[in-house]
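>>> What shape does this take:
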Amino acid sequence: MSDHAASSQEKASLLSNVLAIIGLIILVIIIVWGLVHVAELGGGWFSSLFGKSGPSITITAPNDAPSGAPVAVSWDYAPSSAGGFSFLYQCQDGFQFAVINTTTNTASTIPCGTAFAVTPNSSTDKSIQVLPLLTGTTSVSVPFSVIFTPTSGTQVEGSATIMIHLGSATASATAQENPAPAATTATTKPAVTAPVRTYTPADLSVQIVSQYVDQYGNGTVTFNIENTGGSTSGGYYFTAQLPTASVAPYVSSAQTPLTPGSYIVDTLHFTQAESGTFTVAVHANDRNQSNNYASQWIQSPVSYPASGYNYNYNSNNYNPYPIYQMYPYTY
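The predicted model follows:
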């Protein structure tokens, strides 16, 4: 064999070895890439296979519930660190939740779209009473969540949905589990039947009791706001249009919910009273709005100029602005 032929064979052998090495490297890269994607796709399966999963909250709540009747929402979660629970629900037109204080039998409105801090009944009984309030005539499906936020670590959340409607119905409770962000599976507990609740929704009404205006234009009006319904009302407020030289209405602060059969006596004192109609309106999320308004004509012996700044009877009582005072009494 000539030197030229031997050299050609050596070059061919070297090229074959190089190509074999390159092919092996490409094969290794393909195998590693495949193993990585298999691990990503099968991560949840491997976790369940070896009994490892992220923390989760399992919620038990009715599938459907009537407006104005208390609803029990309970959940299963044993936190391993300190933290707090909160309740969050999706905003819906004409709907809101209120949380019930079982000790005082009062309800406080829960703002929608905001995590509202709640306290479970106990460390073993993780449940709260909420009151669905529907002002419209159409049923709504309301998604909500129970969230645990630890002082340090990952937030855990469980979600469920309740169909809220007008009128009583049998509510079937189901348990729904939602995993933490890292988990990929969820389980559902068997459905159980909850008892039918007989209820009467809250109904706030207003009635004018008395009115008086003295010779100096000092007026006093007394009216009652009563809950004639069978459930505790939510928070409310009232507005009053006073027959004074000023056209600005009186707007009350937020009022405490009223239990069934209870009422509050409100007295408004004001100056610069003129003859005219006194009106009061209660702004509440109750089903019967026809009795939330009352009015009465008030006769005043005093009249004022267009500016409404001076008394006709006593210049010492000059007062450029009306004075409003309210004295509530609850029975």
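>>> Next one, pLDDT for residue 190 please.
For residue 190, the pLDDT comes out at 50.
>>> And for the one 4 residues further on?
Note on residue 194: pLDDT of 44.
>>> Can we start the residue count at 131 from this point?
Done: numbering now begins at 131, and the last item shifts to residue 324.
>>> Domain ranges for the protein, per the record?
Split into domains by automatic domain parsing, the chain comes to 186-323, 334-460.
>>> List the residues that contact the residue nearest to residue 392 when sequence neighbours are not counted.
Spatial nearest neighbour of residue 392, excluding adjacent residues (CB to CB, 6 or more residues apart in numbering): residue 357 at 5.9 Å. All C-beta spots, glycine's among them, are computed from the backbone N, C-alpha and C. Under the criterion of CB atoms under 8 Å, 6 or more residues apart in numbering, the neighbours of residue 357 are 332, 333, 334, 363, 388, 389, 390, 391, 392, 393.
>>> picking up where we left off before, any idea which of the domains of the chain gets closest to residue 149?
With distances scored as CB to CB, the stretch of the domains of the chain nearest to residue 149 is domain 186-323 (42.6 Å).
>>> in the protein, which helix or strand is least confident?
Scoring the helices and strands of the chain by mean pLDDT, DSSP states H and E places strand 302-309 at the bottom, with a mean of 40.
>>> Against which helices or strands is the helix or strand hosting residue 407 packed?
Taking DSSP states H and E as the criterion, residue 407 maps to strand 406-413. Counting by 3 or more CB pairs under 8 Å, 6 or more residues apart in numbering; DSSP states H and E, the packing neighbours recorded for strand 406-413 are strand 334-343, strand 349-357, strand 367-371, strand 423-428.
>>> ok, back up a step: in the sheet, who's paired with the residue nearest to residue 392?
Per DSSP bridges, the residues bridged to residue 357 are residue 334.
>>> what's around the nearest residue to residue 425 once chain neighbours are set aside, how many residues?
Excluding the flanking residues, the one nearest residue 425 by CB to CB, 6+ apart is residue 409, at 4.2 Å. The tally of other residues near residue 409 (other CB atoms under 10 Å) stands at 16.
>>> The chain: helices as residue ranges?
Counting by DSSP state H, the chain has helices at residues 133-171, 173-179.
>>> For the strand holding residue 407, list every residue counted as buried.
Neighbour counts over strand 406-413 (16 or more other CB atoms under 10 Å) mark 408, 409, 410, 411, 412 as buried.
>>> circling back to that earlier point, wait, which of the helices and strands packed on strand 406-413 is closest to residue 247?
Per CB to CB, nearest to residue 247 of those: strand 367-371, 23.6 Å.
>>> Enumerate the positions of the closest one that are buried.
Neighbour-count burial for strand 367-371, counted by 16+ other CB under 10 Å, picks out 368, 370, 371.
>>> Same question for stretch 212-225.
Buried, per 16+ other CB under 10 Å, within stretch 212-225: 213, 215, 216, 217, 218, 219, 222, 225.
>>> Okay, residue 157 and residue 143: tell me how far apart.
Taking CB to CB, to the nearest Å as the measure, residue 157 falls 21 Å from residue 143.
>>> cool, residue 154 as well?
Distance, residue 154 to residue 143, using CB to CB: 17 Å.
>>> so what's the nearest residue in space to residue 250 that is not next to it in sequence up against?
Closest residue to residue 250 apart from its sequence neighbours, by CB to CB, 6+ apart: residue 256 at 4.2 Å. Residue 256 makes contacts with 204, 205, 206, 207, 215, 250, as judged by CB under 8 Å, 6+ apart.
>>> Lowest pLDDT pick from those residues?
Among the contacts of residue 256, pLDDT bottoms out at residue 250, giving 79.
>>> Any idea how many residues pack against it?
Neighbours of residue 250 under the rule other CB under 10 Å: 16.
>>> I'd say it and residue 258 touch.
Yes. Counting by CB atoms under 8 Å, residue 258 is a contact partner of residue 250 at 6.6 Å.
>>> So for stretch 230-249, mean pLDDT?
78.
>>> Over to stretch 423-434?
Averaging pLDDT along stretch 423-434 yields 87.
>>> contact partners of that stretch?
For stretch 423-434, contacts defined as CB under 8 Å, 6+ apart pick out 336-338, 341, 343, 345-347, 349, 351, 353, 373, 375, 402-412, 440-443.
>>> What residues of it count as buried?
So stretch 423-434, judged by 16+ other CB under 10 Å, has buried residues 424, 428, 430, 432, 434.
>>> just stretch 153-167 next, same as before
Buried residues in stretch 153-167 (16+ other CB under 10 Å): none.
>>> That's all I had, so thanks and see you.
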